[in-house]
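Participant: Sequence and predicted structure are below.
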Amino acid sequence: MPNLEAPEQQEDGRDLALPSLDRHAVASITLRIKTGQRERTQDQVSLIARFYLALGRMRVAIGRLIEEEAVHGRAILLAPIYMGVGAIFWFTFDSDPPLQTVLAALLLLTCGFVFKREAGRLLRHLLFAGMLTSLGMALAHWESWRASTIMLDSAVTTTVTGRIERRETYDNGRWRYVVKVETTEKPSIHRPPERVTIFVRKQAEPFNLGDRIQVRARLTPPAGPALLRLNDFAFSAYFNGIGANGFAYGPPILLSLSGDNSEASWLAKADIWLAGLRNSIGDRIRRTLPGDTGAFAAALVTDERRAISDDTTEALRVAGLTHIIAISGLNMALSAGIFYVGLRYLFSLFSGLAQAYPTKKIAAFGALLTVTAYYLISGFGVSAERAFIMMAIMLVAVLFDRPSLSLRNVALSAIVILILSPSQVLGPSFQMSYAATLALVSGYTLWKRRPHRENMLSRFRFLGPLLFVARFFSGILSTSFIGGASTAIFSIEHFHRLATYGLPANLAAMPIVSFIVMPFGMAAMLMMPFGLDGPFWKVTGEGLELVILVAKTVAGWGGDITFGRQPPWLMPTFIAGFLMMSVLRTKLRHLGLLLALATIGAAALGSGVSKPDLMISEDGVLVALRQDNILATNRERPQAFIFEQWQKALVAFEHQPPTMLVADSSLPKISKAERRRRLNDDEQKAVRGAMEDALDRTMQGSFACQKGAWCVAMLENGAVLVTIENAAYLPPACDTANIVVTSIRLRLDHCRSGATLYTGATLRRTGSIEMDLSGDKPTVLTAFEDPQRPWTRHRTYDWRTGTFGAPIAPVSPVSDNAE
């Protein structure tokens, strides 16, 4: 093929060599096409030749654009992308990649990048990408080793003694404590977690941080995904240092006060002091502003969101205003901006001071101190950490006379976060916040580079206030649209929902937040040490009541669209297109737009992810059958935590409870205390008969249950499903059903009758289960195939032998004939 380098250009931009180039190219390609092939018509040959020619020109054009991107120095923007990809690889592997292999790859690629300076640009970029990808994997391994959280292996009721490290309040009078465990007894846990969360009900006065308590509690391991590819709560709990969740049986006993904790390190004492300051600020705000208004105001300052009622939280979510209650970039930017602008305006009142000192840098330093204090009292949340790092980098850039708002600053903040905690890259908060920030900064950069045109209306001074208001609302409109559009796919992927009326809600709420809530809230915080914060909080509360009114009004319009699980290729391809569109500077970014739109179109027009017909929770307590948008369960009141996730992921919001059978006096009465009882032949025959009668009386795809004993259902493929709550019913269940499910941990993993058996022991390893019964043979998908990662390994722990991966010992032995 001829050389397709750029020919000389005329002043009008036409290609002088284009006719000859076309003739030579067409002749060359024509010769290739005709050689060794049958004769083609001249039109066909010319058409194919021109097609090859167009591909060659496209290749040259793309090469030039890539060279232009390299000239602009975009490597710093690609660095966090490559690091994040490496972290994602490490976290999503089925087992831990060998550390030696990761470090060897990092060393080799780093040496190649540093010493191979004479290599071509493409090779050096590949070395750069491989080096940072390996670095991301190494950082992920280091964070996992640094956390080393001990996860509780199975549910247990025990007496916990420990010290309170964190405390949060709920809207219904409950308290949530994070307790550092010292001892467990009755029974003593062989492998106790270091920290647990315990919910306490009906406690009038909460304990203080650092208090030593003793409480009888039911502890359970952090939950895994409710279905395959849904959120794994154990993952975040592992990296947050939480090994178990639980609730208290009765009020805890106070053993000693926080002042008696003399053996704690100074760092632990400082952490407790900051947490105590945070709680005292939240309590003071809630006393000044009762109800949801006070809880809302406290959430803006301390990030304690659990005290907001469920109705208000849902209204904010449906209206697309939940970003207000999160300590995120909005809060940090408003607090820093208000302080920065206010201090500069104060300095401008004294002309001599403004001329003698760099007031801009002084104001930036004061704003930096403000956001630092804000971060310290916000509880070190994930979103607050990201927002603080991003805002701190921007303010430091002002101190060094660098552009404060740029993609490089966003990339630097992402690099810092990926170094400190790479596990955040998989979280929706990280992805959505950086997606919105990238889109907004990229949009602002394009807007700055636009050709400047004078607005004719600006010549009329009396129109100045109207133009200011128009610019303000157009700014809110554009930022809300860009932020909402950039995070929509992430909201669909992680939460299976999309708020379609977020734009009008933000247009109505953001002026209130910007001009009333945040300025008066900051003034209240500054006046709080002097006890003069009350009036300012009252004004802040009035503003927040208006925000809540806006949220409930917009939520009343509906518009909350629910989406099911998306194809696994959707997020990687969309993110690739989005990053190209946001990071690149040349026309190559249009390819990113095309890729993102093509991804959305393919997902919208495709069949999507197939929906299962049968779901089993990871503890075996809840079982559901799906028919269209109806979920039939074996529980009259299914566990909301699991059931709501199933409803959203499957877009099935109609619940069909089981048919409860009338108690039959001819059936054996077995209490929970009689789990070791063996049914005789007559009792087993009576239970089998009752199960068969229940199948005859219930509809296909629904459950019929004997309360506290068993449930039966006829599946669409003709198979029979039985769930049991007592091991004594296992023999008749295996004889009657094709599938048997029980939450009890048994030593059996199959029925002698050939029926499939799922027990608490087997489900502990596999996690939740879903089945597609439409084919000749059921398709079974489990949440885990081989749980060997640090946050799933506790599922294979055997407390009797103290080893991982050993056979699980039974809790309630059953007789051989129970098979």
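Facilitator: Sure, I can see it.
Participant: show me where pLDDT drops low in the stretch 351-500 of the chain?
Facilitator: Scanning the stretch 351-500 of the chain for pLDDT under 70 picks out 382, 404-405, 452-464.
Participant: The same query, at a cut-off of 90, please.
Facilitator: The model of the stretch 351-500 of the chain has pLDDT under 90 over residues 351-361, 363-364, 367, 370-413, 427-489, 491-500.
Participant: Quick one: the strands in the stretch 601-750 of the chain, in order.
Facilitator: Remark: strands assigned in the stretch 601-750 of the chain by DSSP state E, counting those that start in this stretch are 614-616, 623-627, 630-633, 654-656, 659-660, 703-706, 710-714, 720-724, 739-742.
Participant: neighbouring contacts of the first one?
Facilitator: To tie it back to what came earlier, the one meant is strand 614-616. Here strand 614-616 makes contact (CB atoms under 8 Å, 6 or more residues apart in numbering) with 227, 622-626, 646, 715, 721, 739, 741, 758, 763, 768-771, 773. For every residue, glycine as well, the C-beta is placed using N, CA and C.
Participant: cool, and stretch 342-356?
Facilitator: For stretch 342-356, contacts defined as CB under 8 Å, 6+ apart pick out 357, 359-360, 362-363, 366-367.
Participant: are any of those residues buried, and which?
Facilitator: 359-360, 362-363, 366-367 (16 or more other CB atoms under 10 Å).
Participant: now, among those, which is nearest to Val554?
Facilitator: Nearest to Val554 out of those is Ala367 (CB to CB; 32.3 Å).
Participant: My guess is Ala299 contacts Thr313. True?
Facilitator: No - using CB atoms under 8 Å, Ala299 is not in contact with Thr313, being 9.8 Å away.
Participant: if we can go back for a sec, would you list the strands of the stretch 601-750 of the chain in TSV and tack on mean pLDDT?
Facilitator: TSV is the format used below for the strands of the stretch 601-750 of the chain (pLDDT from 0 to 100):
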stretch	mean pLDDT
strand 614-616	95
strand 623-627	94
strand 630-633	94
strand 654-656	93
strand 659-660	92
strand 703-706	92
strand 710-714	93
strand 720-724	94
strand 739-742	94
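Participant: Save these as JSON lines, and put in distance to Ala414 and mean neighbour count too.
Facilitator: Output for the strands of the stretch 601-750 of the chain, formatted as JSON lines (distance: least, CB to CB, whole Å; neighbours: other CB atoms under 10 Å):
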{"stretch": "strand 614-616", "distance to Ala414": "37", "mean neighbour count": "24"}
{"stretch": "strand 623-627", "distance to Ala414": "40", "mean neighbour count": "23"}
{"stretch": "strand 630-633", "distance to Ala414": "40", "mean neighbour count": "20"}
{"stretch": "strand 654-656", "distance to Ala414": "42", "mean neighbour count": "14"}
{"stretch": "strand 659-660", "distance to Ala414": "54", "mean neighbour count": "14"}
{"stretch": "strand 703-706", "distance to Ala414": "49", "mean neighbour count": "24"}
{"stretch": "strand 710-714", "distance to Ala414": "49", "mean neighbour count": "26"}
{"stretch": "strand 720-724", "distance to Ala414": "47", "mean neighbour count": "25"}
{"stretch": "strand 739-742", "distance to Ala414": "44", "mean neighbour count": "25"}
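Participant: In CSV: those, plus distance to Val215.
Facilitator: Shown next, in CSV, are those (distance: least, CB to CB, whole Å):
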stretch, distance to Val215
strand 614-616, 32
strand 623-627, 32
strand 630-633, 32
strand 654-656, 34
strand 659-660, 35
strand 703-706, 34
strand 710-714, 34
strand 720-724, 32
strand 739-742, 30
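Participant: of those strands, which approaches Gly556 most closely?
Facilitator: Counting by CB to CB, Gly556 lies closest to strand 654-656 out of these; the figure is 22.0 Å.
Participant: Right, I'll leave it there.
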